[in-house]
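[1] predicted model and sequence follow; I will ask about them next.
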Amino acid sequence: ATVYRSLTRGAQPELDLLRHLERVPGVRIAPALLGSAILRGPNGQRTGSAALEDLVVDAATVRLVVVGRLRRSLEGDPSLQAAALDDARAAGAITHELHAALGRPFEQGVVRGAIPATVVDVESWVARAWFILHAATTVLRERADADPALLDAMLLLPAKLQGFGAAAKNAPGLVHRIHGNLRLDSMLMSPPRVLRLIEFDGDPTLSDVDRVAPHSPWRDVARALFSLAQVSGEAAMLVGGDAKAIEITWLWEREARKAYLEGYGTGAGALHALVAIFEVEFAAQELLDTFAGDGRSVHVASHTLLRLTRTIV
């Protein structure tokens with residue numbers, strides 16, 4: 001662990017060792033240790049849970065809860081949209097708790113805390129987003145059924161991405177260990193509205209070295225926001241996917257983004273340039289993944305990419 005920390009920028013070997021121990025059959029203490037290491041504050045008070053401990057039997061993922069509320073609201077109970085907004089706000093709050101815990105040292109500095117991001121960090125994040133965006137644009141151009149509006153948006157986004165990067169360089173913030181794959185599927189909710197975080201393996205598309213490297217907490221925020229778009233689209237499709245249902249769910253998603261960011265503590269509707277960079281990456285990757293499948297369900301990625309062409313940070 002000592003050598004690993006000295007060789008890896010911002011490494012947290014204790015967490016990685018515990019994560020691997022958790023997979024060893026018969027090692028029961030590792031999940032409790034992992035949860036304690038990640039989400040206990042300096043005063044010892046629990047702020048969340050990173051492992052499947054102390055869960056009640058009727059816990060469900062936040063994705064399932066929100067999709068269910070939105071579906072029932074479209075079927076005749078619009079009051080459930082407000083409850084789903086409260087779910088989004090709670091998701092933002094627990095994300096903030098996670099980042100507050102990961103961004104500071106624990107105990108006597110056993111786990112290294114946050115370190116300043118650099119211009120090089122921002123440039124690498126922009127480059128990754130640009131690479132995925134370029135690949136998605138190339139595939140879209142080759143499709144006979146390509147949506148002209150989406151293609152126009154894809155051609156505008158490189159310049160927008162450059163602008164997001166320029167703004168982010170002025171305030172790159174801090175980097176530290178993050179969840180890395182924060183979706184509404186990664187949050188469990190039990191009544192009345194108690195949230196716990198799970199799945200700390202990080203982004204499965206990244207190498208192990210990239211996964212454990214310090215990263216911007218805004219990446220987690222952007223991934224959660226894109227997850228809100230996905231559940232909105234899923235709810236609309238569950239009731240038939242007509243134009244009215246899609247319009248209602250996208251209007252809800254706009255308010256849900258605000259609620260999530262309010263819960264996170266950034267103010268109503270605030271948007272950081274880094275969020276926009278990571279959202280470009282996630283939406284373009286979603287488009288690529290969709291094309292690799294049947295290529296028919298592109299409405300979530302298309303909606304997000306079109307919105308990003310109008311985004312000002």
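    Arrived safely, thanks for sending. Residues are numbered from 1 along each chain as shown.
[2] hang on, isn't residue 79 packed against residue 73?
    Yes: assessed by C-beta atoms under 8 Å, residue 79 is found in contact with residue 73 at 7.3 Å. Quick note: C-beta positions are derived from backbone N, CA and C, even for glycine.
[3] between those two, which is the more surrounded one?
    The neighbour comparison of residue 79 against residue 73 (other C-beta atoms under 10 Å) goes to residue 73, with 21 against 9.
[4] could you report the neighbour count for residue 128?
    The number of residues packed near residue 128 is 17, by other C-beta under 10 Å.
[5] in which helix or strand would I find the closest residue to residue 222 other than its chain neighbours?
    Spatially, and ignoring its direct neighbours in sequence, residue 222 is nearest to residue 278 (3.5 Å; C-beta to C-beta, 6 or more residues apart in numbering). Assessed by DSSP states H and E, residue 278 sits inside helix 273-292.
[6] buried residues of that helix, list them for me.
    Residues of helix 273-292 classed as buried: 273-288, 290-291 (neighbour count, 16 or more other C-beta atoms under 10 Å).
[7] with stretch 73-86 instead?
    So stretch 73-86, judged by 16+ other C-beta under 10 Å, has buried residues 73, 74, 80, 81, 83, 84, 85.
[8] got a list of what the fifth one touches?
    Residues in contact with residue 83 (C-beta atoms under 8 Å, 6 or more residues apart in numbering) are residue 69.
[9] distance from the chain centre to the strand or helix carrying it, please.
    Using DSSP H and E, the secondary-structure element containing residue 83 is helix 80-102. Computed by C-alpha atoms, centre = their mean, to the nearest Å, the chain-centroid distance of helix 80-102 equals 12 Å.
[10] what about the helix or strand following that helix, distance to the chain center?
    Sequence-wise, the next helix or strand downstream of helix 80-102 (DSSP H and E) is strand 115-116. Relative to its parent chain, strand 115-116 has a centroid offset of 21 Å by C-alpha atoms, centre = their mean.
[11] my guess is residue 190 meets residue 65, correct?
    No: counting by C-beta under 8 Å, residue 190 does not reach residue 65; the two are 10.1 Å apart.
[12] so, low pLDDT: which residues of the stretch 151-300 of the chain?
    Low-confidence segments of the stretch 151-300 of the chain, defined by pLDDT under 70: 199-202, 204, 208-209, 212, 267-270, 294-296.
[13] okay, strands next: where are they in the stretch 101-250 of the chain?
    Residue ranges of the strands in the stretch 101-250 of the chain, as given by DSSP state E, counting those that start in this stretch, are 115-116, 174-175, 187-190, 194-197.
[14] I'd like the average pLDDT over the first one.
    In other words, strand 115-116. Per-residue pLDDT over strand 115-116 has a mean of 88.
[15] quick one: strands adjacent to it?
    strand 174-175 (antiparallel) (DSSP bridges).
[16] who touches the strand it pairs with?
    The contact list for strand 174-175 (C-beta under 8 Å, 6+ apart) reads 10, 103, 114, 115, 116, 117, 121, 214, 215, 216, 217.
[17] stretch 73-82 too?
    So stretch 73-82 is contacted by 69, 70, 72, 84, 235, 236, 239, 245, 248, 249, 252 (C-beta under 8 Å, 6+ apart).
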